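> Next one to model:
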Amino acid sequence: MSIVVTGATGQLGRHVVEALLEREVPAGEIVAAGRSIEKLADLAARGVQVTAMDYSDPDSVAAALRGARKVLLISGSAVGERVPQHRTVIEAARAEGVDLIAYTSIANADTSEMKLAAEHQATEALLREAGVPFALLRNGWYLENYTDQLPGALAQGAVAGSAGDGRISAASRADYAQAAAAVLVADDQAGAIYELGGDEAFTMTELAAEFSSVAGRAITYQDLPAQEYAGMLTGVGVPEAFAEILADSDLGIARGDLLVTTGDLSKLIGRPTTTMAEAVRSAASA
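I've put the predicted structure just below:
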């Protein structure tokens, strides 16, 4: 009987496997499943079970979940294809009779109007309809979404968006991974819904101020109309459909869709969450 981490070749999935090992889950009881298993060779060397799995290949999904006791379903990266992919994993988990399937949804999924939330909302509905024991990990944004912008902001002297004065409860991937691991090793998690986000929310203006602090010069926040922001993103090579989703997500931030005040994340991980300032300073030093 094992704990299966899907999407383990992605950044969040790898963090979850590491977090399970830190919690002294025996390596042989962890299955790291993903498409590019060559990326998991180091985990295999430490005794973690490694298996190839593609959300779009039902046979590979069924094989990866064979003998599973608990499953972490990390949402797929292919926007527009997630619902059928997630259905494949949910059906395999139900057939296997798992004790729990934990799903990485989106913050405030039941009320969010963001376009990006639609597939998460549909997946949550699939879980309810399937009758499989499940827990919802409604993750907010990653701090890395913003720290990855630091080089561009330093080069341009500005960071852009359409979020207005909306507050973002972002946290690090490692924080979210620790929370997922905590849920996977705990008992009686069926039916649990966690709204997960950083303890200290921030605005894009405050992010720019922190960028300024580490840069030693002024970095401004340019708040743009959503269509103008989407056009700017496509101009630097972001695919048009994804650029529109990013701009729409910023409008969601302006509405408060990514503000989380539950404190669930810090409670699960047993410590304060990583702050935006800490993440920016770490990214700058790297």
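
> Every contact and neighbour count from this point should use C-alpha atoms.
Noted.

> What separation do you get for the residue positioned nearest the centre of the chain and residue 48?
The centroid of the chain falls nearest to residue 139 when counting by C-alpha atoms, centre = their mean (5.7 Å). For residue 139, the distance to residue 48 equals 26 Å [C-alpha to C-alpha, to the nearest Å].

> Also residue 283?
To residue 48, residue 283 is 30 Å away according to C-alpha to C-alpha.

> do residue 168 as well
Noted for residue 168: a distance of 35 Å to residue 48, by C-alpha to C-alpha.

> Check residue 83 too.
To residue 48, residue 83 is 28 Å away according to C-alpha to C-alpha.

> what's the answer for residue 118, then?
Between residue 118 and residue 48 the computed distance is 34 Å (C-alpha to C-alpha).

> which of the two has more neighbours?
Remark: of residue 118 and residue 48, residue 48 carries more neighbours, 20 against 17, as counted by other C-alpha atoms under 10 Å.

> which residues does the residue nearest to that one when sequence neighbours are not counted contact?
Leaving out its chain neighbours, the residue that sits closest to residue 48 by C-alpha to C-alpha, 6 or more residues apart in numbering is residue 27, at 4.6 Å. By C-alpha atoms under 8 Å, 6 or more residues apart in numbering, the residues touching residue 27 are 21, 46, 47, 48, 49.

> Just the buried residues out of those, in PyMOL syntax.
Isolation of the buried members of the contacts of residue 27 (16 or more other C-alpha atoms under 10 Å) is achieved in PyMOL through the command below:
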select buried, resi 21+48+49
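
> In helices, which of the contacts of residue 27 appear?
By the criterion of DSSP state H, membership of the contacts of residue 27 in helices covers residue 21.

> mind listing which of the contacts of residue 27 are in strands?
Within those, residues falling in strands by DSSP state E are residue 49.

> Out of the contacts of residue 27, which comes closest to residue 157?
Comparing the contacts of residue 27 against residue 157 with C-alpha to C-alpha places residue 21 closest, at 41.2 Å.

> For residue 29, see how far away that closest one is.
In this view, residue 21 and residue 29 are 10 Å apart by C-alpha to C-alpha.
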